[in-house]
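> quick one: sequence and predicted model below, then my questions.
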Amino acid sequence: MPALTAHAAPPLAGTVTPPGDKSISHRALMLGGLAVGRTLIEGLLEGDDVLRTAAAMAALGAAVRRLGAGAWQVDGVGLGGLVEPAEVLDMGNSGTGARLLMGVLAGHPLTAIMTGDASLNRRPMARVTEPLARMGAQFVGRAGGRLPLAVVGARDPLPIEYRLPVPSAQVKSAILLAGLSAPGETTVIEPEPTRDHSERLLGHFGAEVRVVDAADGSRRVTVIGQPELIARPVVVPGDPSSAAFPLVAALIVPGSVVTIANVGLNPLRTGLIDTLREMGGQIEVVNPRIAGGEPVGDLVVRHSALRGVTVPAARAPSMIDEYPVLAIAAACAEGRTVMRGLAELRVKESDRLAAIARGLAANGVAFEAGPDSLAVSGGPRVPGGGLVATAMDHRIAMSFLVLGLVADRPVTVDDDHMIDTSFPGFRALMTGLGAIFADEAAA
Ligand code: S3P
């Protein structure tokens, strides 16, 4: 395993552009594959997760071609036109790729077998197979519906109305994608709204999507089935979940001033920015604009004296992937930062709550972890010196490397190769700002 160590850094400075949004990249490839005509995608994330989705869509009959850096073209087969794949679909580390593709496959009368890496094959899939089975698809998987798993898509899928038992954009999206193939209206009710990239992109490709907000804060999302999806150009903004790493690094490394350009600012993704501002973080949005149907801006971030806050549980869906790096900001903040409503962290690429706790403990940061909560007691000095087990989780690796930039002693992550799943070029981008990373012999 390639171990990497982060050392205390001088002030970070410069302008960086994070890679393309992972969520939007998966969706653009899938919808491009289901549309009639040629979809041109700009700014696609070329991380392993998304490359797996590109390969899967190609195995299902779409012609997927890389034209240049981030520039891809997809010749779609039209809704209903996917072909049975000759080989097992290997989705690598990607829960989003696997779950959304299950929705696509559920509405096509073909049999496909899906697998993933050791992390993905441990993750719960019943949350998608259960509603998709109600629509008529069949699944044979391991206990808990886990991968490897065989999908037999429905010849005549049924539209359903489904209330999400967990706030999950992946589950919502899988149902909406299957609903494309069903006659009539497929509705997902979300008790707490989650990222709406599927809704936006479905509309962009010509599907009719209705979104109704209820007085109790829940949201009804309806797709009208059997549309003709028409190829459309897609411009993918920078991923706010990747921007989070240079963002927190700039806030905690004394003297830093960093600009992060072209960051997606969809309001259902900006919980981390809201929280860091409440903590005293100086984050300015400049040049706000709409690109590819999504709000985008540049962030100017300055080192700030952070203080602990309580993060409301209701904010979790809008920053679900950002808790590991928020825990790092909290370790550097004066006082206690309390995070609640974290149950979903247990079923991410790793049990993230446990992985954060282990990493904080290894680096001398005081915290209390509950079944779905974390309270971090921070301060201006972080001892560091720990070896962090990344547990095949890219965000754990990147988060603790950020901690190493301010800790008294270097912080080592045991394995940095998973970073490429979501943030290829992380190391170069961070060292370009002044971060100091060094390869270590494997521990
Ligand atoms: C994603 C949704 C989230 C998030 C994941 C990407 C998506 O997962 O953690 O990284 O693209 O829909 P859940 O839907 O499981 O919360």
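Thanks, I have it. Numbering: from 1, shown residues only.

> which stretches of the chain have low pLDDT?
Applying pLDDT under 70 to the chain flags the ranges 441-443.

> which parts of it sit against the ligand?
23, 96, 168-170, 173, 195, 320-321, 344 (Cβ under 6 Å from any ligand atom). All C-beta atoms are positioned from the backbone trio N, CA, C, and that covers glycine.

> and the helices in the stretch 51-200 of the chain?
95-106, 126-134, 169-179, 197-204 (DSSP state H, counting those that start in this stretch).

> could you check how far the third one is from the centre of its chain?
Using Cα atoms, centre = their mean, to the nearest Å, we find the averaged C-alpha position of helix 169-179 to lie 15 Å away from the chain's own average C-alpha position.

> now, among the residues of the chain next to the ligand, which is nearest to P11?
D321 (27.0 Å; Cβ to Cβ).

> can you name the residues that contact that closest one?
241, 244, 348, 395 (Cβ atoms under 8 Å, 6 or more residues apart in numbering).

> could you dump the helices of the stretch 51-200 of the chain to CSV with mean neighbour count?
As requested, the helices of the stretch 51-200 of the chain are exported to CSV (neighbours: other Cβ atoms under 10 Å):
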stretch, mean neighbour count
helix 95-106, 28
helix 126-134, 21
helix 169-179, 27
helix 197-204, 22
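
> got those as TSV, with distance to A250 columns?
Output for the helices of the stretch 51-200 of the chain, formatted as TSV (distance: least, Cβ to Cβ, whole Å):
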stretch	distance to A250
helix 95-106	27
helix 126-134	36
helix 169-179	27
helix 197-204	26
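
> domains for the protein, by residue range?
In terms of domains, the chain is parsed into 4-20+237-442, 22-223 (source: automatic domain parsing).

> out of these, which is closest to A231?
Proximity to A231 (Cβ to Cβ) singles out domain 22-223 among those, at 3.3 Å.

> quick check: end-to-end length of the closest one?
Its first and final residues considered, domain 22-223 spans 23 Å by Cα to Cα, to the nearest Å.

> and it, how far from the chain's centre?
14 Å.

> check contacts around A333.
By Cβ under 8 Å, 6+ apart, the neighbours of A333 are 279-280, 306-308, 376, 378.

> hmm, 10 Å instead?
251-252, 276, 279-281, 304-309, 326, 376-380 (Cβ atoms under 10 Å, 6 or more residues apart in numbering).

> re the thing from before, which of the contacts of D321 fall within helices?
241, 244, 395 (DSSP state H).

> quick one on the thing from earlier: in JSON lines: the domains of the chain, plus distance to A231.
Listed next are the domains of the chain as JSON lines, based on distance: least, Cβ to Cβ, whole Å:
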{"stretch": "domain 4-20+237-442", "distance to A231": "15"}
{"stretch": "domain 22-223", "distance to A231": "3"}
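
> circling back: nearest to V388 among the residues of the chain next to the ligand?
Among the residues of the chain next to the ligand, and counting by Cβ to Cβ, the member closest to V388 is D321, at 17.7 Å.

> how about that closest one, secondary structure?
The three-state assignment at D321 reads helix, by DSSP: H, G, I helix; E, B strand; the rest coil.

> please apply the same query to the one 3 residues further on.
Look at P324: counting by three-state DSSP, its state is helix.

> for it, which non-adjacent residue is spatially closest?
Once flanking residues are discounted, P324 sits nearest to S399: 4.0 Å by Cβ to Cβ, 6 or more residues apart in numbering.

> give the contact list for that neighbour.
Counting by Cβ under 10 Å, 6+ apart, S399 has contacts 244-245, 248, 322-329, 331, 352, 355-356, 359, 388, 390, 393, 413.

> state the distance from the residue in the stretch 1-150 of the chain positioned nearest to the ligand to G384.
At 3.2 Å from the ligand, S23 is the closest residue in the stretch 1-150 of the chain, using Cβ to the nearest ligand atom. Per Cβ to Cβ, to the nearest Å, S23 is found 32 Å from G384.

> okay, these two: which has more neighbours?
Neighbours per residue, other Cβ atoms under 10 Å: of S23 and G384, the larger number sits with S23, 27 against 24.

> give me the element the more buried one is part of.
Here S23, judged by DSSP states H and E, is contained in helix 22-34.

> helices along the stretch 251-400 of the chain, start to end?
Under DSSP H, counting those that start in this stretch, the stretch 251-400 of the chain gives helices at 271-278, 323-331, 352-362, 394-404.

> can you list the buried residues in the first one?
Buried residues in helix 271-278, counting neighbours by 16 or more other Cβ atoms under 10 Å, are found at 271-276.

> which among the ones in helices among the contacts of D321 gets closest to the ligand?
Using Cβ to the nearest ligand atom, these come closest to the ligand at S241, 6.9 Å.

> gap between the residue nearest to M114 when sequence neighbours are not counted and L405?
Once flanking residues are discounted, M114 sits nearest to L89: 4.7 Å by Cβ to Cβ, 6+ apart. Distance, L89 to L405, by Cβ to Cβ: 38 Å.

> more neighbours: which of these two?
Here L89 and L405 are compared on neighbour count by other Cβ under 10 Å; more neighbours surround L405, at 29 against 25.

> could you give the bridge partners of the nearest residue to N287 once chain neighbours are set aside?
Counting by Cβ to Cβ, 6+ apart, N287 lies nearest to D298, which is 5.0 Å off, once chain neighbours are set aside. Beta-bridge pairing of D298 under DSSP bridges involves V286.

> who's in contact with D298?
With contacts defined as Cβ under 10 Å, 6+ apart, the neighbours of D298 are 15, 17, 238, 259-263, 265, 284-289.

> quick one: buried ones out of the residues you listed?
17, 238, 259-263, 265.

> so which of those residues belong to strands?
259-263 (DSSP state E).

> buried residues in stretch 146-166?
146-149, 151-154, 157-160, 162, 164.

> what's the end-to-end length of that stretch?
Terminal residues of stretch 146-166 are spaced 17 Å apart (Cα to Cα).

> next: stretch 194-213.
Stretch 194-213 end-to-end distance (Cα to Cα) = 12 Å.

> returning to that earlier point: turn the helices of the stretch 251-400 of the chain into a markdown table, including distance to A215.
Formatted as a markdown table, the helices of the stretch 251-400 of the chain follow (distance: least, Cβ to Cβ, whole Å):
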| stretch | distance to A215 |
| --- | --- |
| helix 271-278 | 22 |
| helix 323-331 | 29 |
| helix 352-362 | 32 |
| helix 394-404 | 35 |
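
> which one of those helices lies nearest to G184?
helix 271-278 (34.3 Å).

> list the buried ones in stretch 250-270?
By neighbour count on 16+ other Cβ under 10 Å, the buried set for stretch 250-270 is 250-253, 256, 258-266, 269-270.

> measure that stretch end to end?
Using Cα to Cα, the two ends of stretch 250-270 sit 17 Å apart.

> what of stretch 324-341?
One end of stretch 324-341 sits 14 Å from the other (Cα to Cα).
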